[in-house]
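Quick one, structure for this:
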Amino acid sequence: ACGCRRFFVLLVYAAGYLMLAFAAVCLACGLYFFADLADEFTSLTKRIIWWTIIVELALHAALLIFERFPLFPTLLGVAAHAMYLLLLRSFPFVNVMSPLFIVACTLFIVSLVAWFLFFSANHELFYANHLTPGYSVAFFYVVLVFLVPT
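The predicted structure is shown next:
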């Protein structure tokens, strides 16, 4: 009675990709708006970024202490956020050729890969806590990896 519903499947995939395109446009508009605000209110933006980094560092420490997360990816995240704090000294000006910026970008990428490898090897972390791995990793990345560099 179910049959092969190719049109329905095609429709669902098309709608899904259309939703992704709309989400990307909305995200781009939001980032443009925040960039405009950051340009307009630089001292407030610098304080917000500073406090965000401090909270990020505290969250990394909490994961290490309370959840016994692995030392290597956690310390990479801490090192990346420490570099962001150092980059904040010259905010809103950033020299993309400076060693500090290059080290911060490198730590960002290495931290991203380290967390990916950790979560890839530890699926039971999600299933034991009744979490969906894809969404959980995405939310983790947004809060603890992408929030400040974005």
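
which other helices and strands contact the helix or strand harbouring residue 102?
Per DSSP states H and E: residue 102 is located in helix 99-121. Applying 3 or more C-beta pairs under 8 Å, 6 or more residues apart in numbering; DSSP states H and E, we find helix 99-121 packed against helix 71-87, helix 133-141. For glycine as for every other residue, the C-beta is placed from the backbone atoms N, C-alpha and C.

can you list contacts of the longest one?
Residues outside helix 71-87 that contact it (C-beta atoms under 8 Å, 6 or more residues apart in numbering): 49-50, 53, 56-57, 60-61, 63-64, 94, 100-101, 103-104, 107-108, 110-111, 114-115, 117-118, 144-145, 148-149.

Filter those residues down to the buried ones and hand me the ChimeraX line.
Here is the ChimeraX command that selects the buried residues among those (16 or more other C-beta atoms under 10 Å):
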select :49,53,56,57,60,63,64,101,104,107,108,110,111,114,115,118,144,145,148,149
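
quick one on the thing from earlier: run the angle between the helix holding residue 102 and helix 133-141 for me.
Using axes from the mean of the first three to the mean of the last three C-alpha atoms, to 10 degrees, the inter-axis angle of helix 99-121 relative to helix 133-141 is 150 degrees.

Send me helix 99-121 as PDB with only the CA atoms.
Output in PDB follows, covering the C-alpha atoms of helix 99-121 (Å, rounded to 0.1, in the frame of the first residue of the first chain):
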ATOM      1  CA  PRO A  99      51.500  36.300  13.400                       C
ATOM      2  CA  LEU A 100      48.900  36.600  16.100                       C
ATOM      3  CA  PHE A 101      46.000  36.500  13.600                       C
ATOM      4  CA  ILE A 102      47.600  33.500  11.700                       C
ATOM      5  CA  VAL A 103      48.100  31.600  15.000                       C
ATOM      6  CA  ALA A 104      44.500  32.400  16.000                       C
ATOM      7  CA  CYS A 105      43.100  31.100  12.700                       C
ATOM      8  CA  THR A 106      45.300  28.000  12.900                       C
ATOM      9  CA  LEU A 107      44.200  27.300  16.500                       C
ATOM     10  CA  PHE A 108      40.600  27.700  15.400                       C
ATOM     11  CA  ILE A 109      41.000  25.100  12.600                       C
ATOM     12  CA  VAL A 110      42.900  22.700  14.700                       C
ATOM     13  CA  SER A 111      40.400  23.000  17.500                       C
ATOM     14  CA  LEU A 112      37.500  22.400  15.100                       C
ATOM     15  CA  VAL A 113      39.200  19.200  13.800                       C
ATOM     16  CA  ALA A 114      40.100  18.000  17.300                       C
ATOM     17  CA  TRP A 115      36.500  18.400  18.500                       C
ATOM     18  CA  PHE A 116      35.300  16.700  15.300                       C
ATOM     19  CA  LEU A 117      37.600  13.700  16.000                       C
ATOM     20  CA  PHE A 118      36.500  13.500  19.600                       C
ATOM     21  CA  PHE A 119      32.800  13.500  18.800                       C
ATOM     22  CA  SER A 120      33.300  11.000  15.900                       C
ATOM     23  CA  ALA A 121      34.900   8.600  18.300                       C
END
